[in-house]
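J.: build the 3D model from these lines:
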Amino acid sequence: MKVAVLLVLVLLAMRVTSWALQWILLRHPRVGGKGAIVAGNLAAFGLFSVLVWRTLAPGEPMDTDALLFGLVVFGLCATADVFWTPLRRKA
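T.: Residues are numbered from 1 along each chain as shown. This next block holds a predicted model:
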């Protein structure tokens, strides 16, 4: 049960981070909707990667499984955001 709760919290944090970065990017007049989606999810994946790297013990190799997990999650999030995002403005 604890693992499931932690997984849901990590996924929620990843999702909120990508949406927050997209919201920031959408405030820039030159960034379009899909550009913000891609850039927001790439930036969130970058932050996730840095977090994984910073939590390594000295001499520990990079956790490629965690990076693959993040890549899959942010890829799915970007795909979902193309079809629906709470940030989409009604025209």
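
J.: every contact and neighbour count from this point should use C-alpha atoms.
T.: Fine.

J.: for the residue of the chain most remote from its centre, phi and psi?
T.: For the chain, the largest distance from the centre (C-alpha atoms, centre = their mean) belongs to residue 59, which lies 26.8 Å off. Dihedral pair for residue 59: phi 90, psi -10, per degrees, to the nearest 10.

J.: for residue 49, see how far away it is.
T.: 17 Å (C-alpha to C-alpha, to the nearest Å).

J.: do the same with residue 82
T.: 23 Å.

J.: looking at the two, which one has more neighbours?
T.: Taking neighbours as other C-alpha atoms under 10 Å, residue 82 and residue 49 compare with residue 49 leading, 19 against 13.

J.: the more buried one is in contact with residue 67, isn't it?
T.: Yes. Taking contacts as C-alpha atoms under 8 Å, residue 49 lies within contact range of residue 67: 6.4 Å.

J.: for this protein, longest helix please?
T.: Counting residues, the longest helix found in the chain (DSSP state H) is helix 2-26.

J.: helices and strands around that helix, which ones?
T.: Counting contacts by 3 or more C-alpha pairs under 8 Å, 6 or more residues apart in numbering; DSSP states H and E, helix 2-26 is packed against helix 33-54, helix 64-83.

J.: what angle separates it from helix 64-83?
T.: 50 degrees (axes from the mean of the first three to the mean of the last three C-alpha atoms, to 10 degrees).

J.: got the angle for helix 2-26 vs helix 33-54?
T.: 130 degrees.

J.: for helix 2-26, buried residues please.
T.: Applying a neighbour-count criterion of 16 or more other C-alpha atoms under 10 Å, one finds 14, 15, 17, 18, 19, 21, 22, 23, 25, 26 buried in helix 2-26.
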